[in-house]
Every structure is written in structure tokens, then in C-alpha cells.
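**Student:** Mind looking at a prediction? Sequence and model below.
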Amino acid sequence: MPVRLAIISDIHANLEALERVLEDTELMQAERLVCLGDIVGYGADPAACVATVRERADICVLGNHDAAVFSVPERAFFNPNAREALSWTTAQLSEDDITYLQSLPYRVSTDNLLFVHSAPRAPEQWDYVFSGMEARLYGRYFHERICFIGHSHVPGLYPIDAGVREYSHADRFLINVGSVGQPRDGDWRSSYGLLDTVAGTYENRRVEYDVDAAARKILARGLPARLAQRLKFGQ
Ligand code: ZN
């Protein structure tokens, strides 16, 4: 059982953000790295982000943007910007990159922790969890102590028992670690989770990165301008 575990999600091909987050996980002495998917989509560096996650993550699960690269039904709910980014993204990836994305599981359960991209019930349906009430209802669909999710790009700590107010090592939680590459909670800084199973703590870390460089690259690649602008506002 690792002592310090870093959990990242929703990188969305933002290499500037990913590199800074990985530096922070080293600074925080994380011993293992888990990725909750959406390595690609929206951003300027899909191949480099796939290579980095592949090399660095001990566990990685499949996100809907990763699945959209090789599976058509996933694209049905994409808005026009996401669609445009997807066709560009797919052209940047090698056969080997795509084979790697295809190999990713929907869920991984280990050491009383569950890792999924979207939600613990039927993760392949890509449901969103936005409220504490929804999170409590999902509590019956997993048996592990903590279920870690991403997908909404909004970090959140949700106790499964209504009476619990803050993180403790004794209680059950559904935890959204937020997004490395495209935060949407009004804070532009990268978000990730740090779990310490010995100290009994969980921390949502926020990390500054060169957001202007990431935005410039999106424009330089000819991707939709909105995908560059939103990074600066965290929305
Ligand atoms: Zn995402």
C-alpha cells in the first residue's frame, strides 16, 4: 500500500500544465501516480501527454475523450469545438498511442480505493457528479472506502455519510480531483489530489503553470480560439 498517492485527471493535451503538476507531485513526495483519463482532447500536445502519462502513471483509466479517439458513439455528445479538436487530435496520435488508449480499463479497484473517470455506476455511460446529494446516492454503487473521479473538471470532496463534514481516514468519500489541463471552477490553476494513507489526509492541490504558452500553442495549431481563451479563466 503506497503512503502518498497523487491522482491526476483531465489533462486534455495540456503539456505545460501536466509537466508542472508532475513537478509538484515530486515536491510533495508522491510515491505513486494515478491518472483518471481524458489525457487528450482540446489541447495542443496530445501525443506528448500520452507518452508522459504512459511513462509516469502506475494506474490509468479511460476517459470519454480518450475513448472518442477510437470509438464513434462517444462523440455523440461532443460540442462543435470538441469535435474539431477530436479530429485534429486523432491525426496527431500514432497507431501505438491509440492502441495504448484502447487498452485502458474503465475502472481500477485497489487497496480499498476505486478509480473511474466519470461515476462509479456504469462508468462507460459517462455520467456527471455535481452535488453532494448525487455523490451520496452513488455511495451504494461502490464498496471501496474512496471513489476518485474526474470528468466535470470541478474539484470536490463529497462524504458518503450525510453527517460527515470533513476528510477523515475512517469515513467513505467520493472525491473529484479536478482537472490538470482545463479547470472549470473559475480557478485557472491545475488541480490534482494528494492522498496520504499514513497521515490520514487528503489535499486538493492547485498548481500554477504557463497558461499563456498553452493558449498560444492551441491558436498556433489552428484549434478553436475558445479552447485557448477558456484556460485563462478556468471555465
Ligand atoms: Zn475531461
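**Tutor:** Thanks, I have the structure now.
**Student:** For this structure, just list every one of the strands.
**Tutor:** Using DSSP state E, the strands found in the chain span residues 4-8, 32-35, 59-60, 107-110, 113-116, 146-149, 156-159, 173-176, 190-196, 201-207.
**Student:** helices or strands next to the first one in the packing?
**Tutor:** Here strand 4-8 is seen to pack against helix 15-27, strand 32-35, strand 190-196 when contacts are counted using 3 or more CB pairs under 8 Å, 6 or more residues apart in numbering; DSSP states H and E. Every C-beta, even on glycine, is put in place using the N, C-alpha and C of the backbone.
**Student:** Residues contacting that strand, please?
**Tutor:** 18, 21, 25, 28-36, 57, 113, 115, 148, 177, 180, 192-197 (CB atoms under 8 Å, 6 or more residues apart in numbering).
**Student:** follow-up on the earlier one: Throw the helices and strands packed on strand 4-8 into a markdown table and include mean neighbour count, thanks.
**Tutor:** Shown next, in a markdown table, are those (neighbours: other CB atoms under 10 Å):
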| stretch | mean neighbour count |
| --- | --- |
| helix 15-27 | 20 |
| strand 32-35 | 24 |
| strand 190-196 | 25 |
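**Student:** ok, now which ones touch the closest residue to residue 64 other than its chain neighbours?
**Tutor:** In this structure, residue 64 finds its nearest non-sequential neighbour in residue 126, 4.7 Å apart by CB to CB, 6 or more residues apart in numbering. Residues near residue 126 by CB under 8 Å, 6+ apart: 64, 74, 77, 117-119, 151.
**Student:** Buried ones among these?
**Tutor:** Among those, those classed as buried by 16 or more other CB atoms under 10 Å are 64, 74, 117-119, 151.
**Student:** okay, those residues in a markdown table with distance to the ion and pLDDT next?
**Tutor:** As requested, these are exported to a markdown table (distance: CB to the ion, whole Å; pLDDT from 0 to 100):
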| residue | distance to the ion | pLDDT |
| --- | --- | --- |
| 64 | 7 | 96 |
| 74 | 12 | 86 |
| 117 | 8 | 98 |
| 118 | 9 | 97 |
| 119 | 13 | 97 |
| 151 | 6 | 97 |
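**Student:** I'd like to know which of the residues you listed are part of helices.
**Tutor:** residue 64 (DSSP state H).
**Student:** In contact with the residue nearest to residue 144 when sequence neighbours are not counted: list those residues for me.
**Tutor:** Distances taken as CB to CB, 6+ apart place residue 114 nearest to residue 144, at 4.2 Å, with adjacent residues excluded. Residues counted as contacts of residue 114 (CB under 8 Å, 6+ apart) are 107-108, 120, 142, 144, 146-148.
**Student:** Give the PyMOL command for selecting the buried subset of those.
**Tutor:** The PyMOL selection below is limited to those of those classed as buried (16+ other CB under 10 Å):
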select buried, resi 107+108+120+142+146+147+148
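**Student:** In JSON lines: the contacts of residue 114, plus pLDDT and distance to residue 227.
**Tutor:** Below are these laid out as JSON lines (pLDDT from 0 to 100; distance: CB to CB, whole Å):
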{"residue": "107", "pLDDT": "98", "distance to residue 227": "29"}
{"residue": "108", "pLDDT": "98", "distance to residue 227": "29"}
{"residue": "120", "pLDDT": "96", "distance to residue 227": "29"}
{"residue": "142", "pLDDT": "97", "distance to residue 227": "33"}
{"residue": "144", "pLDDT": "98", "distance to residue 227": "34"}
{"residue": "146", "pLDDT": "98", "distance to residue 227": "32"}
{"residue": "147", "pLDDT": "98", "distance to residue 227": "29"}
{"residue": "148", "pLDDT": "98", "distance to residue 227": "26"}
